[in-house]
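Asker: below is the sequence, then the predicted model.
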Amino acid sequence: MNPSVMDYQALKNLVKRGEGSNLEFKLKTNHPEKIIRGVVAFANTNGGIMLIGVGDDKKIPGLKYADEDEYLLVRAINKFCFPHISYTIDRVQLYDEREVLVIRVPRSPTRPHYIIPDPADPDNKKAYVRVGDKSVQASREVREILKGEQAERGIRFTYGDKEHKLMQHLGEHNSITVDLFASIAGISRRIASRTLVLLVLAHVLEIHPSDVMDKYTTRAIQ
């Protein structure tokens, strides 16, 4: 545990903002798997803060046995998250010795991070990203994009018939999915997926992850 860098008033001001892409509340540690999903999602996206002992209704009852809760969380994060995630845990003192745990997770330079429920079965792993106030499971395309963003090399692609059909569709519609692109261009899903991933990495397209189906749009010119 680190010395507290946040007082009660600062905590209340933070809670007042409500949950969002960089802030999540958990009342208890009954379900540590849900908490480590959020930790992984923050690391894979733009970082964030997890407050343990705060309800969705923005009430702050705190934790009675913060030592035990912190121990459980640290053990779960270190055991099930791979590669290792950098994070800090602070505490905010409330009343009657109750405390709130403040988990700070920076955007990771070693994305993507995964949850591996069974260390004996490392292939059974899931990655998560932050979308609004939710942590959603990352699709294969999102995982490939996270990997590609870490590679220090330029992205090249050929503008051919399938890319022409893609941009023609996006000129007439707001978005496209992998399956729709495969259908329109008459190509396999694998090729459609790889093409869209390359165009995202080349900053031509933007991906919008979802727990239902990812969508792709043209990237706005900065």
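Answerer: Everything's here; your move. Keep in mind it's a predicted model, so treat the numbers as computed, not measured.

Asker: now find how far off-centre the lengthiest helix in the chain is within its chain.
Answerer: Longest helix of the chain, by residue count under DSSP state H: helix 66-80. Remark: helix 66-80 is offset 20 Å from the chain centroid, using CA atoms, centre = their mean, to the nearest Å.

Asker: quick one: mean pLDDT over the helix or strand containing Tyr216.
Answerer: In this structure, Tyr216 is located in strand 215-218 according to DSSP states H and E. Regarding strand 215-218, the rounded mean pLDDT is 98.

Asker: and Arg153, what pLDDT?
Answerer: For Arg153, pLDDT reads 68.

Asker: what does Val5 give?
Answerer: Per the predicted model, pLDDT is 67 at Val5.

Asker: how about Pro122?
Answerer: pLDDT, Pro122: 87.

Asker: that older thread, packing partners of the longest helix of the chain?
Answerer: helix 32-44, strand 88-93, strand 99-105 (3 or more CB pairs under 8 Å, 6 or more residues apart in numbering; DSSP states H and E). Backbone N, C-alpha and C define where each C-beta goes, glycine included.

Asker: outline the domain layout of this protein.
Answerer: With domains defined by automatic domain parsing, the chain comprises 8-137, 143-218.

Asker: and the ones you listed as JSON lines, adding mean neighbour count?
Answerer: Listed next are those as JSON lines, based on neighbours: other CB atoms under 10 Å:
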{"stretch": "domain 8-137", "mean neighbour count": "17"}
{"stretch": "domain 143-218", "mean neighbour count": "15"}
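
Asker: would you list the phi and psi of Glu141?
Answerer: phi -60, psi -40 (degrees, to the nearest 10).

Asker: next up, the contacts around it.
Answerer: Shown in contact with Glu141 (CB atoms under 8 Å, 6 or more residues apart in numbering): Val178, Ser193, Leu196, Val197, Ile207, Asp214.

Asker: just the ones of these in helices?
Answerer: Val178, Ser193, Leu196, Val197.

Asker: who are the contact partners of the nearest residue to Ser193 once chain neighbours are set aside?
Answerer: Ranked by CB to CB, 6 or more residues apart in numbering and with sequence neighbours excluded, the top spatial neighbour of Ser193 is Val178, at 5.1 Å. Residues in contact with Val178 (CB under 8 Å, 6+ apart) are Glu141, Arg189, Ala192, Ser193, Leu196, Asp214.

Asker: run the last query once more with 7 Å
Answerer: Glu141, Arg189, Ala192, Ser193, Leu196 (CB atoms under 7 Å, 6 or more residues apart in numbering).

Asker: same check on Gly62?
Answerer: With CB under 7 Å, 6+ apart, Gly62 has these contacts: Gly53, Leu94, Arg98, Glu99, Val100.

Asker: if you set the cut-off to 8 Å instead, what comes out?
Answerer: Gly53, Leu94, Tyr95, Arg98, Glu99, Val100 are the contacts of Gly62 under CB under 8 Å, 6+ apart.

Asker: can you tell me the closest non-neighbouring residue to it?
Answerer: Using CB to CB, 6+ apart, the closest residue to Gly62 is Arg98 (3.5 Å).

Asker: I'd say the one you found and Tyr65 touch.
Answerer: No. Arg98 is not in contact with Tyr65 according to CB atoms under 8 Å; the separation is 9.3 Å.

Asker: alright, I will stop here.
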